[in-house]
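*Asks:* compute the structure for the input listed below.
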Amino acid sequence: MASPDGASGVGGSPEETELSITLTLRMLMHGKVMAGDSKGETVKRIREQSSARITISEGSCPERITTITGSTDAVFRAVSMIAFKLEEDLGAGGDGVSAGRAPVTLRLVIPASQCGSLIGKAGAKIREIRE
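*Replies:* Okay, the predicted model is just below:
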């Protein structure tokens, strides 16, 4: 969080201060992607190293909701670590093609009330994100 003088813990620029909020990100992921190891060591390590709170919904259904909560920086670190873990698990070779495994798709779960702010007027914000 930002300190009273307006400086954040990372760098203190005005942009970073504005981003010092608690963010909750939900993703729909294949059940075995994150909870695949027997003792949950991967999730535990990502929690410790990112300082984000990470929960994975219970159940044996094919897809489960992964919720990541924390500062913007902590959530960014956690998502980056998850992406790195997925890339590592796919075992991409030198040509970028994995050995017989389908690519992993992450789906963001966004409340309908917030979709407009993500898409932007006439799709401007989503276009900016894509670029």
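*Asks:* list the buried residues of the top helix by length along the chain.
*Replies:* The longest helix of the chain (DSSP state H) is helix 72-90. By neighbour count with 16 or more other C-beta atoms under 10 Å, helix 72-90 contains the buried residues 72-79, 81-82, 85, 90. Every C-beta, even on glycine, is put in place using the N, C-alpha and C of the backbone.
*Asks:* most widely separated two among those residues?
*Replies:* For these, the farthest-apart pair by C-beta to C-beta is Thr72 and Leu90; their separation is 27.0 Å.
*Asks:* so for the longest helix of the chain, what's the average pLDDT?
*Replies:* When pLDDT is averaged along helix 72-90, the result is 88.
*Asks:* tell me what that helix is packed against?
*Replies:* Helix 72-90 sits against strand 22-30, helix 31-34, helix 41-50, strand 63-71, with contacts defined as 3 or more C-beta pairs under 8 Å, 6 or more residues apart in numbering; DSSP states H and E.
*Asks:* and which of the buried residues of helix 72-90 is nearest to Ser51?
*Replies:* Set against Ser51, the nearest of those by C-beta to C-beta is Ala74 (4.5 Å).
*Asks:* go ahead and confirm that closest one touches Ile54.
*Replies:* No: Ala74 is beyond contact range of Ile54, at 9.9 Å (criterion: C-beta atoms under 8 Å).
*Asks:* any regions of this structure where pLDDT drops low?
*Replies:* Within the chain, the ranges that satisfy pLDDT under 70 run 1-20, 31-39, 92-103.
*Asks:* residues near the nearest residue to Arg53 once chain neighbours are set aside, how many?
*Replies:* Excluding the flanking residues, the one nearest Arg53 by C-beta to C-beta, 6 or more residues apart in numbering is Thr69, at 4.5 Å. For Thr69, the count of nearby residues is 16 (other C-beta atoms under 10 Å).
*Asks:* quick check: Thr69 touching Val75?
*Replies:* Yes: look at Thr69 against Val75 with C-beta under 8 Å: they come within range, at 7.3 Å.
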